[in-house]
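Chemist: This is a predicted model, with the sequence first.
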Amino acid sequence: MKPSVTGRLDNLRINASGSEIWTVTDSNGEYTLDNLSVWCTYSVGQVTPENYTRSFPTNPATRSVTLDSQDAIGSANFGNVTNTISGIAFNDVGTLGTYEPGTDTAAAGRTVYLDVNQNGALDFKRGFHRTGRRVEGSM
Amino acid sequence: MAEKAPLLWAKTVCKGVQVFIDSNGNGTLDTVGTHIEPDLYADGQTLNVKFTDVLLTVANKTNAPLDSTSDSLWVGPRVSAHPDTLTATGSYVFGYTEDGIDNVNFFHDERRLRMDFLKPVSTVDLDFVGSRPFADDIGVMEAYNAQGVLIDSYETSGLAQGEFETMSVSRTEGTSPLSSLTPS
């Protein structure tokens, strides 16, 4: 068979001797580290993405997995939360467009949202809960 | 009673996160290698001399690197990142740009992606994505030592459009480290 003339090339990983074994999560947030030795305990870590904070594990930052048989498949999950966005909603009495303590007054009960689809409007969807404080990600 | 602000909570998956075996227990990923993900670069951004560990070039059918220099009259072939719907990760792939041919998002027999490593390398993984709608694609990656001797190669199975397979080559312990690669 002839080699491809149109296939795409993506995601280059180069390792030299001495590197720790690593991989990258897929579109489901899943990952596999394979070709490991049985009867061994491994510490599995994740590189926390920029603008995220790892919610678990915290101390230690890695998870311990022991493969104790030839067919063993260990698992170690990681949680990430986006960094918090905070601010003040205020009545702009001074009309400067910035919050002036003593002049402007705090506006309680205002709706603040993440405009995920950037349509400039708050969109409610079934399945969204009203109890959380941040958008969370999980692996 | 004041209105409670509706707050949003949703779970998302974290794609593209690096996970590793922390063999020395220091809590961080220690690597002497490089991860080059086209998604991290702008559309059409030149990648030839972007990295400290590897030089990327466009090569011809004999694997000879093509001159990427440019002047007012000529734009040499250069490796670049391009958006694509057929990817293994994210939404960008490797491609090339040259004089009169902009933003090609694949390589072929006359225009190959060549990697020259600036220090010894033991393993290289690169994802190959099938692209043709009614035929399978096969990816090939060849590894050479510093003397230009072929020391390993990888050929994917036939891949339908959108399917991908990781091409992996490595040196055998005690043999010469990889020097250059030409996937096509």
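Modeler: Sure thing, it's come through. Numbers count the residues shown, from 1 in each chain, chains lettered A, B, ... in the order given.

Chemist: When you work out contacts or count neighbours from here on, use the C-alpha atoms and nothing else.
Modeler: Fine.

Chemist: Secondary structure element for residue B:165, which one?
Modeler: strand B:164-170 (DSSP states H and E).

Chemist: Tabulate the CA atom coordinates of that strand in PDB.
Modeler: Listed next in PDB are the C-alpha coordinates belonging to strand B:164-170 (Å, rounded to 0.1, in the frame of the first residue of the first chain):
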ATOM      1  CA  PHE B 164      -6.000   8.400  14.200                       C
ATOM      2  CA  GLU B 165      -3.100   6.300  15.400                       C
ATOM      3  CA  THR B 166       0.000   7.300  17.300                       C
ATOM      4  CA  MET B 167       3.200   6.600  15.300                       C
ATOM      5  CA  SER B 168       6.000   5.800  17.800                       C
ATOM      6  CA  VAL B 169       9.600   5.100  17.200                       C
ATOM      7  CA  SER B 170      12.400   4.600  19.700                       C
END
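
Chemist: all strands for chain B, in order.
Modeler: B:11-13, B:18-21, B:34-36, B:54-59, B:78-83, B:92-98, B:101-104, B:112-121, B:123-129, B:140-144, B:150-155, B:164-170, B:178-181 (DSSP state E).

Chemist: Redo the ones you listed as JSON lines? Include mean neighbour count.
Modeler: Formatted as JSON lines, these follow (neighbours: other Cα atoms under 10 Å in any protein chain shown):
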{"stretch": "strand B:11-13", "mean neighbour count": "16"}
{"stretch": "strand B:18-21", "mean neighbour count": "23"}
{"stretch": "strand B:34-36", "mean neighbour count": "18"}
{"stretch": "strand B:54-59", "mean neighbour count": "24"}
{"stretch": "strand B:78-83", "mean neighbour count": "25"}
{"stretch": "strand B:92-98", "mean neighbour count": "26"}
{"stretch": "strand B:101-104", "mean neighbour count": "14"}
{"stretch": "strand B:112-121", "mean neighbour count": "21"}
{"stretch": "strand B:123-129", "mean neighbour count": "23"}
{"stretch": "strand B:140-144", "mean neighbour count": "21"}
{"stretch": "strand B:150-155", "mean neighbour count": "17"}
{"stretch": "strand B:164-170", "mean neighbour count": "21"}
{"stretch": "strand B:178-181", "mean neighbour count": "25"}
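
Chemist: Same list, those, but as TSV with distance to residue B:71 and mean pLDDT please.
Modeler: Below are the strands of chain B laid out as TSV (distance: least, Cα to Cα, whole Å; pLDDT from 0 to 100):
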stretch	distance to residue B:71	mean pLDDT
strand B:11-13	45	48
strand B:18-21	39	73
strand B:34-36	27	84
strand B:54-59	18	89
strand B:78-83	13	92
strand B:92-98	12	91
strand B:101-104	16	82
strand B:112-121	22	81
strand B:123-129	32	89
strand B:140-144	32	86
strand B:150-155	35	86
strand B:164-170	36	88
strand B:178-181	28	57
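
Chemist: Quick one: closest of these to residue A:8.
Modeler: Across those, residue A:8 has its closest neighbour in strand B:123-129 (4.9 Å, Cα to Cα).

Chemist: Tell me how many other residues crowd residue A:66.
Modeler: Residue A:66 sits with 16 neighbouring residues when counted by other Cα atoms under 10 Å in any protein chain shown.

Chemist: so, in contact with chain B or not, the helix or strand harbouring it?
Modeler: Secondary structure from DSSP H and E places residue A:66 in strand A:63-67. No. Using Cα under 8 Å from any Cα of the partner chain, strand A:63-67 never reaches chain B; the gap is at least 9.3 Å.

Chemist: Which strands or helices does that strand pack on?
Modeler: If contacts are counted by 3 or more Cα pairs under 8 Å, 6 or more residues apart in numbering or on different chains; DSSP states H and E, strand A:63-67 sits against strand A:40-46.

Chemist: Give me the sheet partners of the very next helix or strand once past the strand it packs on and which way each runs.
Modeler: On the C-terminal side of strand A:40-46, the closest following helix or strand by DSSP H and E is strand A:52-56. Here strand A:52-56 has these sheet partners by DSSP bridges: strand A:79-82 (antiparallel).
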